[in-house]
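J.: for reference, the sequence and a predicted model appear below.
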Amino acid sequence: MRGPLRPVEVATAAVLAGVTVALSVIAVVIPVAGALGLLAAVPMGIVAQRHRPRAVLAATVAATVVAFMVAGTSALGGVWMSALAGAMVGDVKRRGRGLATLVVYLVAVTPLVALFVDGLLLVFSNTRILLLQALTNTVHGFSALMSRYAALAAAATQIDSATAALVQYWWLTIPMLLLAAIISGTWVAWVFLSAVLPRLDEVPVGHRTQAPSDHASPAPLPVTLSQVGFRYPGARGAALTGVDLTLHAGNFLAVVGDNGSGKSTLVQLLAGRAPTTGTLTRPGGVGLGRRGGTALVLVCWSQSGWPEWGSARRAHCPEVSYNGWRWRPRWPASRRCCCPMSPRRWWTLRVVVG
């Protein structure tokens, strides 16, 4: 697939890049939580397995910027190693290959990464000195704790001596550490993704919003549905049948009903998915995820039964009754999103923005 990143790719890359940043920063800031850094490759692996390589690149760039803003250069190494390990594992999973292919990737990529890092440290000598000094201080602190016990004092001295030798031959030490980090991160990503990806594949893909590819200017409204129906692939029956609806710009439409009544399906059709029966007409393109087009917004519920809109200023509208239930819709003052609900009953809500 060619072309710019799709909205789903951008959203997935952004969210999972944030997870990678969180794990990498925690591993740096909290020493006892260093093992979490190994898990940071898993989100990147999900991006690589489900989307194009450019989505992984976008996630890596986003994670790099955020990690640098939050924790400086200390978290960048973890983010880059996680992106590399996740990209390799995700690509192998996407191609349906096994461990043998992953080993080939490691053999081919690790020496190149080692040479690249050695070259950077050779050019940026101040950074190299800072990195090696931090490594020396970390090991020395550990050996100082060991030296408090007489039985471990000799071992602590040997550790300090070995560390000094490793620092002297840094051009070999750094590649060895990178090799260990890449192999361990890749192994953890492989184990976790082998368990996670099959579960993700069980999620029905038919419920994903799929808009037709069009290059027309976005003009999704007014939209007219005439005897529209929709059946998901492999489903026994239709999720919607015989829907007649006309929606104009500026209309406020609340879609309510029990679970499985077709609310989400109707909203997906309004957002751009093609019906399986009937006709759906618009004056222009759907423009899903584009400026002036359609979008889907999922609202998270708070414990009080009302959704969380952040710090947006709220506007209120009169109380509405439906089938014996009462609720008061709320939406931000921009009126770009709406949220009908009942504090006494759970509703699945998706909002079409035109």
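T.: Noted; the coordinates are in hand.
J.: which ones are touching the nearest residue to residue 253 once chain neighbours are set aside?
T.: Using CB to CB, 6 or more residues apart in numbering and skipping the chain neighbours, the partner closest in space to residue 253 is residue 247 (6.2 Å). All C-beta spots, glycine's among them, are computed from the backbone N, C-alpha and C. Counting by CB atoms under 8 Å, 6 or more residues apart in numbering, residue 247 touches 221-223, 253, 270.
J.: and residue 247, how far is that from residue 271?
T.: 12 Å (CB to CB, to the nearest Å).
J.: got phi/psi on residue 148?
T.: When quoted as degrees, to the nearest 10, the phi and psi of residue 148 stand at phi -70, psi -20.
J.: sorry, that was for residue 225
T.: According to degrees, to the nearest 10, residue 225 has phi -110, psi 130.
J.: tell me where the stretch 151-300 of the chain has helices.
T.: Here the stretch 151-300 of the chain has its helices, by DSSP state H, counting those that start in this stretch, at 170-201, 263-271.
J.: could you export the ones you listed as TSV, including mean neighbour count, distance to residue 97 and mean pLDDT?
T.: Shown next, in TSV, are those (neighbours: other CB atoms under 10 Å; distance: least, CB to CB, whole Å; pLDDT from 0 to 100):
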stretch	mean neighbour count	distance to residue 97	mean pLDDT
helix 170-201	16	12	85
helix 263-271	22	34	86
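J.: nearest to residue 70 among the ones you listed would be which one?
T.: Among these, helix 170-201 comes nearest to residue 70, with 20.0 Å by CB to CB.
J.: and the closest one, what does it pack onto?
T.: Packed against helix 170-201 by the contact rule (3 or more CB pairs under 8 Å, 6 or more residues apart in numbering; DSSP states H and E) you find helix 36-39, helix 41-50, helix 76-95, helix 99-123.
J.: can you say which of these is packed in most?
T.: Mean neighbours per residue, mean count of other CB atoms under 10 Å, is largest over the helices and strands packed on helix 170-201 for helix 41-50, with a mean of 28.
J.: can you put the helices of the stretch 151-300 of the chain in a markdown table and add distance to residue 96?
T.: Shown next, in a markdown table, are the helices of the stretch 151-300 of the chain (distance: least, CB to CB, whole Å):
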| stretch | distance to residue 96 |
| --- | --- |
| helix 170-201 | 11 |
| helix 263-271 | 29 |
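J.: out of these, flag the one nearest residue 278.
T.: Comparing the helices of the stretch 151-300 of the chain by CB to CB, helix 263-271 comes nearest, at 9.5 Å.
J.: surely residue 71 touches residue 27?
T.: No. In this structure residue 71 lies outside contact range of residue 27 using CB atoms under 8 Å: 9.9 Å.
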